[in-house]
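**Q** Provide a 3D model corresponding to the input given below.
(one chain, ligands or ions: 2)
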Amino acid sequence: MTLLMCHYHITIIEIREEAELKRSKEYEVTSLDIQTQQEFIEAMRHKNLEEKREKKYIITTYGCQMNEHDSEKLAGMLQTMGYQSTDDKKEADLIIFNTCCVRENAELKVYGNLGALKSLKKNNPDLIITVCGCMMQQPQVVEELKRKYRHVDLVFGTHNLHKFPELLANTLHSENMLVDVWEQEGEIIEGVPVIRKYDIKTFVNIMFGCNNFCTYCIVPYTRGRERSREVADILAEVTDLVQHGTKEITLLGQNVNSYGKTLDGDVTFADLLRELNKVEGIERIRFMTSHPKDLSEDLIDAIATCNKVCEHVHLPFQSGSNAVLKAMNRSYTKEKYLNLVNKLKTRVPNVSLTTDIIVGFPEETEEDFAHTLDIVNQVGFDAAFTFLYSIRQGTPAAKIEAQVEDTVKHERFNRLVERVNEICGIINQGYLDKTVEVLVEGPSKTDPSRLMGRTRQNKLVNFSGDESLIGQLVQVKITDPKTFSLNGELI
Ligand code: SAM
Ligand code: SF4
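**A** Numbering: from 1, shown residues only. Ligands and ions are numbered 1, 2, ... in the order given. Okay, here's the model as predicted:
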């Protein structure tokens, strides 16, 4: 397949051709694919070496950890091609926006920041502006870019990230905007180079996509159907990370609890945790996100018994009202959620719980919202990500006419945030005079002369200490707990 300077429907024709190829010769096409990209990487590296000028890139990432990790892969491919990162837009040869479309706000930010690049491109016509990620999986966004953002050079989506070297090479020879967005996901591509933001703690994808179709959520449409990586590939990646100094891994998936369903054999997420727990050199294992409907007894047992699995579960409940949960297609009730929390608290002593909550889902009443506050009060979350419901075109909830008025949504949201913060503060006060194990990550963000790290419960701790402690596990006595962090002294 050759890449053309194409508009959206031509790209789709190419995808169809490729999908047919994949059906008949699945494995060969996949392995050839990454090999082809390696050839493009090599050619670009030579070209950059010949030009004798170090080319620079900036990647701006919007959204979740999945996107952050995708950006680490883009950085990995770029650095292998001979590009270096910079923070200065004026000296950049390549600017990439890796986008998110989970809420409208994230999209508006991208459009605003893209608009601001127009003058930069005018002054430097050789600058390559690339937009990729979840937003690009929506045809109306690509149309908008073609209509109003003609200064963009390259557009691609979530399913063909591994083809970035080829796309970039084609863009350099093109006068027009190059668009390549695949409608559907393909095979999982292993072997994409990665430059990780941190050495000590890193992300590891264990699965891609989502099959849950919560009625408010765009992710299943932008990230495709759920598919899990092979256990052997995950173990090989983690073993390699250990050799490069990694102490903590965070396993990523939209619903890690359903890991393994697309694999041959009977492998579950609990099995994967038990396997990873045996890898020597890894000190801590984290994971996100857990869907309450798939949190099994066996998984709770694995969390309780694997010594490296941290005592922290991010368990989004979204709403406390059974009517709203049903309308959201979440497949659990308030009672089932509270029951799971009790099991976790009983089986995993000192477990910290965090969550996601949506306020103002269509038709949410004051009584529905009271149930949400009730869960917050009963569980006592260590932290919560709170969101105002945002209409996402193409999702079932967007078609519900009875949207909650903005003023009502905001008033409920403020009440919720106030209560969540109050509880976080109370929980953190409980750490006063306690000694906690901290994995030291680097200089503190608030005071770079101090150090920061996290506890197994994922609490942020600031303390004074020598830089040589970075990457080590240390004991810290908490002397001054705050609402969102803990201050302490090394012991
Ligand atoms: N897969 C994860 C799960 O189910 O918990 C979450 C992925 S999503 C990127 C992160 C959070 O965004 C969700 O848990 C939900 O609270 C929030 N979210 C998703 N769609 C939303 C929407 N349309 N409006 C507001 N918040 C939304
Ligand atoms: Fe979206 Fe629900 Fe899938 Fe999470 S589980 S990504 S909220 S559809």
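
**Q** give me the buried positions along the lengthiest helix in the chain.
**A** As assigned by DSSP state H, the longest helix anywhere in the chain is helix 26-51. Buried residues in helix 26-51, counting neighbours by 16 or more other Cβ atoms under 10 Å, are found at Thr30, Asp33, Gln37, Phe40, Ile41, Met44, Arg45, Asn48. For the C-beta atoms, the positions are set from N, CA and C on the backbone; glycine is no exception.

**Q** tell me the one of these nearest His244?
**A** For those, the minimum distance to His244 (Cβ to Cβ) is 20.1 Å, reached by Ile41.

**Q** what's the spacing between Tyr221 and Gly394?
**A** 6 Å (Cβ to Cβ, to the nearest Å).

**Q** in which helix or strand would I find Ile282?
**A** Assigned by DSSP states H and E, Ile282 belongs to neither a helix nor a strand.

**Q** got the contact list for it?
**A** Residues in contact with Ile282 (Cβ atoms under 8 Å, 6 or more residues apart in numbering) are Val238, Val242, Thr246, Lys247, Glu248, Ile249, Leu276, Lys308.

**Q** contact partners for the nearest residue to the second one once chain neighbours are set aside?
**A** Okay, so that is Val242. Spatially, and ignoring its direct neighbours in sequence, Val242 is nearest to Gly281 (3.6 Å; Cβ to Cβ, 6 or more residues apart in numbering). Gly281 makes contact with Val242, Gln243, Thr246, Lys247 under the criterion Cβ under 8 Å, 6+ apart.

**Q** show me which of those are buried.
**A** Among the contacts of Gly281, those classed as buried by 16+ other Cβ under 10 Å are Thr246, Lys247.

**Q** ok, so of the contacts of Gly281, who is nearest ligand 2?
**A** Distances from ligand 2 to those, taken as Cβ to the nearest ligand atom, are shortest for Thr246 (26.2 Å).

**Q** Thr202 is in contact with that closest one, correct?
**A** Yes. In this structure, Thr246 is within contact of Thr202 by Cβ atoms under 8 Å, at 5.3 Å.

**Q** could you export stretch 76-89 as CSV, CA atoms only?
**A** The C-alpha coordinates for stretch 76-89 follow below in CSV (Å, rounded to 0.1, in the frame of the first residue of the first chain):
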residue,chain,number,x,y,z
GLY,A,76,10.9,6.7,20.9
MET,A,77,10.4,6.6,17.2
LEU,A,78,11.6,10.2,16.8
GLN,A,79,14.7,9.8,18.8
THR,A,80,15.6,6.6,16.9
MET,A,81,15.2,8.7,13.7
GLY,A,82,17.7,11.2,15.1
TYR,A,83,15.4,13.9,16.4
GLN,A,84,15.9,15.6,19.8
SER,A,85,13.3,17.0,22.2
THR,A,86,13.0,20.7,22.9
ASP,A,87,10.8,22.9,25.0
ASP,A,88,11.1,25.9,22.7
LYS,A,89,8.5,26.1,19.9
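
**Q** Asn255 contacts Cys210, doesn't it?
**A** Yes. The pair Asn255 / Cys210 is scored as a contact, 6.2 Å apart, by Cβ under 8 Å.

**Q** so which of the buried residues of helix 26-51 also contact ligand 1?
**A** Among those, not one lies near ligand 1 by Cβ under 6 Å from any ligand atom.

**Q** which of those residues sits closest to Leu167?
**A** Closest to Leu167 out of the buried residues of helix 26-51 is Phe40 (8.9 Å), distances taken as Cβ to Cβ.

**Q** distance of that closest one from Ala169?
**A** 5 Å.

**Q** any idea how far the longest helix of the chain is from the chain center?
**A** Relative to its chain's centre, helix 26-51 lies at 26 Å (Cα atoms, centre = their mean, to the nearest Å).

**Q** which helices and strands sit right next to it?
**A** On a contact count with 3 or more Cβ pairs under 8 Å, 6 or more residues apart in numbering; DSSP states H and E, helix 26-51 meets helix 8-24, helix 65-80, helix 164-172.

**Q** hmm, try it at 10 Å
**A** Helices and strands touching helix 26-51, by 3 or more Cβ pairs under 10 Å, 6 or more residues apart in numbering; DSSP states H and E, are helix 8-24, strand 55-61, helix 65-80, strand 83-85, helix 164-172.

**Q** what about the helix or strand containing Arg274, average pLDDT?
**A** Following DSSP H and E, one finds Arg274 within helix 269-277. With pLDDT averaged residue by residue, helix 269-277 scores 98.

**Q** quick one: is that helix near ligand 1?
**A** No. Shown here: helix 269-277 not in contact with ligand 1 (Cβ under 6 Å from any ligand atom), separated by at least 13.9 Å.
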